[in-house]
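# sequence below, structure please.
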Amino acid sequence: MAYLQKLLFLICFIIPCFVFAQSSKQDVYLNNESTRFFGALVAGANFTQVDGDTYSGYNKVGLNAGAMVYTRLSSIMGGSLEFDYTQKGSHGVSSTASAALGSYISDYRLKLNYVEVPVILHILTNRRLHYEVGASYARLLNSSETLYSDPGTVIDPNIFYFRKTDVSFIAGLCYQFYNWWSIEGRYQYSLATIRDQERIPVGGPRQFNNVCTIRLVRFLNKVQKS
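Coordinates of the predicted model:
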């Protein structure tokens, strides 16, 4: 958890200071008056946890990858629509004891794979930096949930299943470090519980996806220098 906090601090605070000092060197894609729409590919990692499962820490790492279309709405504002494959979930370990095993480490793992469609508003602050705010609609493809403990625990996916949809709030920061490339940091949180109370075997009574994302954005349209 500590290393992730430091990395997010770097993206959200130190990089903007550097960008403001360097802003005259390069124009940002959404300020390019000659092009209104931009295609892009994205790939990176999710650092996730599920609030409400009694485990804390962004210990589950998953893939975040897909494609997006940007549109320039004005000189200081843009919008984007994405189609992503994203992996969320939770991973927790705890030290416990039993009569049979004595002291041992129990291990809980939850994997949630979604197809997700984020809709984002981009606010430009200078030539290479913009802030993001928006929402996403995700459709669950499949899930896997295991708990290794004593006595053994079987989590039946037919009983303890998840909701098929997840609507989330998104906020982030994107920095263009080269003509075709940007680095992006996002925070995402579910607006409603991801499964009903009677379907929760670990924790409860409500559970929410809590996600920090770091990824690269590769634009397909050439961004011209100012």
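# per-residue pLDDT, H130?
According to the per-residue confidence, H130 scores 87 in pLDDT.
# and V167, bridged to which residues?
Using DSSP bridges, the bridge partners assigned to V167 are Y137.
# surely L141 meets K88?
No. With contacts counted by CB atoms under 8 Å, L141 stays clear of K88, the gap being 11.2 Å. Every residue, glycine included, has its C-beta placed from N, CA and C.
# okay, and the common contacts of the two?
When CB atoms under 8 Å, 6 or more residues apart in numbering defines a contact, the residues bordering L141 and K88 alike are N113, Y114.
# then stretch 188-199 to CSV, C-alphas only?
Coordinates of each C-alpha in stretch 188-199 appear next as CSV, following Å, rounded to 0.1, in the frame of the first residue of the first chain:
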residue,chain,number,x,y,z
GLN,A,188,-12.4,4.6,-9.6
TYR,A,189,-15.1,3.6,-7.1
SER,A,190,-18.4,1.7,-7.5
LEU,A,191,-21.6,3.8,-7.0
ALA,A,192,-23.6,0.7,-5.8
THR,A,193,-22.8,-2.6,-4.1
ILE,A,194,-21.3,-5.2,-6.5
ARG,A,195,-23.5,-8.0,-5.0
ASP,A,196,-26.5,-8.3,-2.7
GLN,A,197,-26.1,-8.8,1.0
GLU,A,198,-27.3,-12.4,1.0
ARG,A,199,-24.7,-13.3,-1.6
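# show me where this structure has strands.
37-51, 60-74, 77-98, 102-124, 129-148, 165-178, 181-190, 208-219 (DSSP state E).
# mind putting those strands into a markdown table with mean neighbour count?
Listed next are these as a markdown table, based on neighbours: other CB atoms under 10 Å:
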| stretch | mean neighbour count |
| --- | --- |
| strand 37-51 | 18 |
| strand 60-74 | 17 |
| strand 77-98 | 17 |
| strand 102-124 | 17 |
| strand 129-148 | 17 |
| strand 165-178 | 18 |
| strand 181-190 | 20 |
| strand 208-219 | 20 |
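# nearest to N158, out of those?
Among the strands of the chain, the nearest to N158 by CB to CB is strand 129-148 (11.5 Å).
# alright, that wraps it up for me.
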